[in-house]
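**Student:** Okay, predicted coordinates and the sequence, questions at the end:
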Amino acid sequence: MMLAQLVLPLLLSSGAASGGNEIVLILDNSCSMGVESRDDRGHRYPPNDPERAAVLGSLIVEGLARGSADHFSLLAFGDSENDAPRTARDADAIRALPYSNGTFFRRPLEEAGNRLRGSALPNRLFLFFTDGVPQDLHGNPAEGPRALGLSEAAGFETLVIGLFGSDEIRQTGEQFLKPLARNPQDLVFVQKPREVIDAFTRGYARVLGSRPETGTLSPGESKTFDVGKYVVEVLVATASSSPGPEYTAKLEGPQGNAPSQASGDNGCPPNTRIAGAPKLCQPPHRHYQVFRAPNSPDQPSRWTLSLPKGAGPIDYGLILRYDLEASLAVPATARVGETVQLDARLLFRGKTFDDASFFQADGFTAVATIEGKDVPLRHEGGGRFVADWTPSEPSPEGMSTPVVVTFRNAWMEQRTRRSVQVEGFLDFALVPNPGSLDFGAWRGERGETRRCSVVDLSRSTNADRIPIQCTAQGEVQGGVLSCAPVEGSEADLGNGRKGQPLKYEICFTAQGCCGHINPQGMGALFAATHPHYAAAAVTVPALVQVSETGWLRCWWPWLALLGGMLGFGWVVAGFVRPNDFDPAASVYVAGSEVGLKRASALTLRETPGGTRGFYRNARMCLNAGGDFVRAPRAAVLVLEAGPGGSTRFVTAAGLERKVQRTGKWEPVPAEEMALGYTPNVVYRIGNLYMKWS
């Protein structure tokens, strides 16, 4: 990864401007890092770090720590398991470290532990980089942390980086590296040498309290970044992306150009040749340049990193070190199953830090890590972040339970650790009041019906401290029993601390349109969430009797709706279903056949009753005097509309029609009455003559 990212670790390593950090790095200098090797079968294995990226990362760390309150030292393997570790404290000594003939962990781990425990600096970091499997731990992974002196009481953080050429070697090496990492996230694996610097930077920054931003600059490009309040230092590390000539980067802030703190390359000392790797020390090399500049924490500022000239791109990493410190207050002892409150806050210049805009920006979060779980902290106001924790098991014998609180945003990761001695279990007894419930009897309704009662646990022993869960017992056909704590019933533990709820509302809900309900064996089970208290669980039996809703009571709205829909449909059909005359159909009526020629046509729809009515087809009614009437009973001829413009004679006794071919009159057969009139044919009934068109 980007060499620039190494800047982050150093930035973090700056710790507090006044306190500083003790940084001890064990660097794997075995031959497999830079020299090609062969196994017993003659297989060739290329070196894991042919660009000396691990050396470059170490140089960047040394450069950032140079001249500050931080104390940096490097340990490397000797040529045998009994040899004292090689040491290096400056850049020249790091470049001059020879490659050793083996991978020997024990002596460097012992020396690293002694230096960390003996340091007077407030912040201490153990950093380990390796690409192999130890030859001197006799296959026992537990010997590594024993040699280092790593335990919960150890006063230092860890970062372990593994670079392995194959999955098989990694699986073997992981057994020995995992015990050396204090937290799971402190073990990082990389696959390529370029990733080494990224791992150094990100992990190192996290451990020391900052979070890096990384990127790449090409010649002529620049990166401008805003620095908010409370930042006391700006650290920047840069490194050439690939071997090449030297470059010159520039960092400019409110006070002008910041001087470079360290620069150089990762080449070997002059006239050095490595057996088995003749090109390892030959140019070109990878170059680096680091900056560490003070910043005023009282006001925002703007900085610019630029690459005015250079033969190729560079990787950069920048870290903003905040003048903030995490603190945590927690009882020294606790009991399993008893809720305790964590009280965490950030400190700025020794006082509680309270800046609402800071807490709402840059993805700010506050989390407590306890018993392998992350518990979010809630802001109570005034800079206080709290959470309730209920220990689930006692501390291991001779040890305590660690509580780690982490405040982080895009640039910062401040953490603090406290230890709590979790003792055995509290006395616990549940005394519910009332001891049984009778919801009574009622009749089911179309919708849900409910009856509720409240159970009080105030007479119980330590129910105010031990988390309790209430669950419904027994299967109920057609109903549901529920149980939930009553809001506001939490116990008062003093000093503003809230305990567990002491009242629970238990409800029985009968479903709508239910059958007869009279369940047996129904109740609410009160039990502590911790399995240790399982024997103290108590069931509060519940009785209920619900009568069947009844078919008509349940379904009458639907029946009424169905009836209404049918009635509406009947009304609509009454107006829509009847037939109407063709709009163009008309009739001529006269007292003689000759008179038809002088008679005026009358549209059928304009006659009384000529349009359809409610469940009545349109009809034409003609009385014996030749008048159109509405009532069929007063008519001698009734013509009714049929579907599709057809007609039929309903009343027409004695109706005759004139045959055009013979000029004679003939009665209209009864079977043809249903076919209605024939257009332009002359009909007569009594003294009335008619023709339809």
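**Tutor:** Received the coordinates, thanks.
**Student:** Any regions of the stretch 501-650 of the chain where pLDDT drops low?
**Tutor:** Judged by pLDDT under 70, the stretch 501-650 of the chain has no weakly predicted residues.
**Student:** Now do stretch 175-188: distance to the chain's middle.
**Tutor:** Distance of stretch 175-188 from the chain centroid (C-alpha atoms, centre = their mean, to the nearest Å) equals 27 Å.
**Student:** Let's see it as PDB, backbone CA atoms only.
**Tutor:** Taking Å, rounded to 0.1, in the frame of the first residue of the first chain, the C-alpha atoms of stretch 175-188 are listed here in PDB:
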ATOM      1  CA  GLN A 175      -1.200 -19.700  15.200                       C
ATOM      2  CA  PHE A 176       1.800 -17.800  16.600                       C
ATOM      3  CA  LEU A 177       0.800 -14.200  15.700                       C
ATOM      4  CA  LYS A 178      -2.800 -14.300  16.900                       C
ATOM      5  CA  PRO A 179      -1.800 -14.600  20.600                       C
ATOM      6  CA  LEU A 180       0.500 -11.600  20.300                       C
ATOM      7  CA  ALA A 181      -2.400  -9.300  19.200                       C
ATOM      8  CA  ARG A 182      -4.200  -7.900  22.200                       C
ATOM      9  CA  ASN A 183      -7.400  -7.400  20.200                       C
ATOM     10  CA  PRO A 184      -8.600  -9.300  17.100                       C
ATOM     11  CA  GLN A 185      -8.400  -6.100  15.000                       C
ATOM     12  CA  ASP A 186      -4.700  -5.700  16.000                       C
ATOM     13  CA  LEU A 187      -3.700  -8.600  13.700                       C
ATOM     14  CA  VAL A 188      -3.300  -7.600  10.000                       C
END
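**Student:** What residues of that stretch count as buried?
**Tutor:** Buried residues in stretch 175-188, defined by neighbour count with 16 or more other C-beta atoms under 10 Å: 176, 177, 178, 179, 180, 181, 182, 186, 187, 188. Yep, even glycine has a C-beta here, placed from its N, CA and C like the rest.
**Student:** Show me which of the residues you listed is closest to residue 337.
**Tutor:** The nearest member of the buried residues of stretch 175-188 to residue 337, counting by C-beta to C-beta, is residue 182 at 27.6 Å.
**Student:** ok, which stretches of this structure are helices?
**Tutor:** 7-13, 53-65, 91-95, 106-118, 143-148, 167-177, 194-208, 356-359, 551-576, 595-598, 670-673 (DSSP state H).
**Student:** who's in contact with the third one?
**Tutor:** Translated: helix 91-95. With C-beta atoms under 8 Å, 6 or more residues apart in numbering as the test, helix 91-95 has contacts from 27, 55, 58-59, 62-63, 74, 87-88, 262, 264, 266-269.
**Student:** Give me the subset of the buried residues of stretch 175-188 lying in strands.
**Tutor:** Among the buried residues of stretch 175-188, DSSP state E puts 187, 188 in strands.
**Student:** Can you tell me which of the buried residues of stretch 175-188 is closest to residue 347?
**Tutor:** residue 182 (23.2 Å).
**Student:** Going along the chain, name the strands of the stretch 401-550 of the chain.
**Tutor:** For the stretch 401-550 of the chain, the strands defined by DSSP state E, counting those that start in this stretch cover 401-408, 413-425, 437-443, 449-456, 468-473, 479-485, 490-494, 497-501, 503-510, 523-528, 538-547.
**Student:** how about the fifth one: buried residues?
**Tutor:** Spelled out, that is strand 468-473. Buried residues in strand 468-473 (16+ other C-beta under 10 Å): 468, 470, 472.
**Student:** any low-confidence regions in the stretch 201-350 of the chain?
**Tutor:** Applying pLDDT under 70 to the stretch 201-350 of the chain flags the ranges 201-208.
**Student:** need the contact list for residue 375.
**Tutor:** 342, 367, 368, 369, 387, 389.
**Student:** can we see that at 7 Å?
**Tutor:** 367, 368, 387, 389 (C-beta atoms under 7 Å, 6 or more residues apart in numbering).
**Student:** With adjacent residues omitted, what lies nearest to residue 664?
**Tutor:** Leaving aside its chain neighbours, residue 664 sits nearest to residue 658 (7.3 Å; criterion: C-beta to C-beta, 6 or more residues apart in numbering).
**Student:** doesn't residue 682 make contact with the one you found?
**Tutor:** Yes. Because the distance of 4.5 Å satisfies C-beta atoms under 7 Å, residue 658 is recorded as touching residue 682.
**Student:** In contact with the nearest residue to residue 30 once chain neighbours are set aside, which residues are there?
**Tutor:** Leaving out its chain neighbours, the residue that sits closest to residue 30 by C-beta to C-beta, 6+ apart is residue 103, at 4.7 Å. Neighbour list for residue 103: 28, 30, 77, 132, 133, 134, 135 [criterion: C-beta under 7 Å, 6+ apart].
**Student:** try residue 220
**Tutor:** Here residue 220 is in contact with residue 307 (criterion: C-beta under 7 Å, 6+ apart).
**Student:** and residue 286, backbone torsions?
**Tutor:** phi -100, psi 130 (degrees, to the nearest 10).
**Student:** Would you enumerate the residues in contact with it?
**Tutor:** 3, 51, 56, 239, 240, 243, 265, 266.
**Student:** so, if you compare those, which one comes nearest to residue 602?
**Tutor:** Among those, and counting by C-beta to C-beta, the member closest to residue 602 is residue 3, at 107.3 Å.
**Student:** what's the span of stretch 356-364, first residue to last?
**Tutor:** Using C-alpha to C-alpha, to the nearest Å, the end-to-end distance of stretch 356-364 comes to 11 Å.
**Student:** same thing with stretch 134-152?
**Tutor:** 24 Å.
**Student:** same check, this time on stretch 95-110
**Tutor:** End to end - C-alpha to C-alpha - stretch 95-110 spans 24 Å.
**Student:** Find out how far that stretch is from the centre of the chain, if you would.
**Tutor:** The chain centroid and the centroid of stretch 95-110 are separated by 45 Å under C-alpha atoms, centre = their mean.
**Student:** Which positions within that stretch qualify as buried?
**Tutor:** 95, 97, 99-100, 102-110.
**Student:** Could you export these as a markdown table, including distance to residue 608 and pLDDT?
**Tutor:** Below are the buried residues of stretch 95-110 laid out as a markdown table (distance: C-beta to C-beta, whole Å; pLDDT from 0 to 100):
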| residue | distance to residue 608 | pLDDT |
| --- | --- | --- |
| 95 | 121 | 92 |
| 97 | 122 | 92 |
| 99 | 122 | 89 |
| 100 | 124 | 90 |
| 102 | 123 | 89 |
| 103 | 118 | 91 |
| 104 | 123 | 94 |
| 105 | 118 | 94 |
| 106 | 122 | 95 |
| 107 | 125 | 95 |
| 108 | 120 | 96 |
| 109 | 118 | 95 |
| 110 | 123 | 95 |
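**Student:** can you put the residues you listed in JSON lines and add distance to residue 535?
**Tutor:** Output for the buried residues of stretch 95-110, formatted as JSON lines (distance: C-beta to C-beta, whole Å):
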{"residue": "95", "distance to residue 535": "68"}
{"residue": "97", "distance to residue 535": "63"}
{"residue": "99", "distance to residue 535": "64"}
{"residue": "100", "distance to residue 535": "60"}
{"residue": "102", "distance to residue 535": "58"}
{"residue": "103", "distance to residue 535": "54"}
{"residue": "104", "distance to residue 535": "54"}
{"residue": "105", "distance to residue 535": "49"}
{"residue": "106", "distance to residue 535": "49"}
{"residue": "107", "distance to residue 535": "53"}
{"residue": "108", "distance to residue 535": "52"}
{"residue": "109", "distance to residue 535": "47"}
{"residue": "110", "distance to residue 535": "49"}
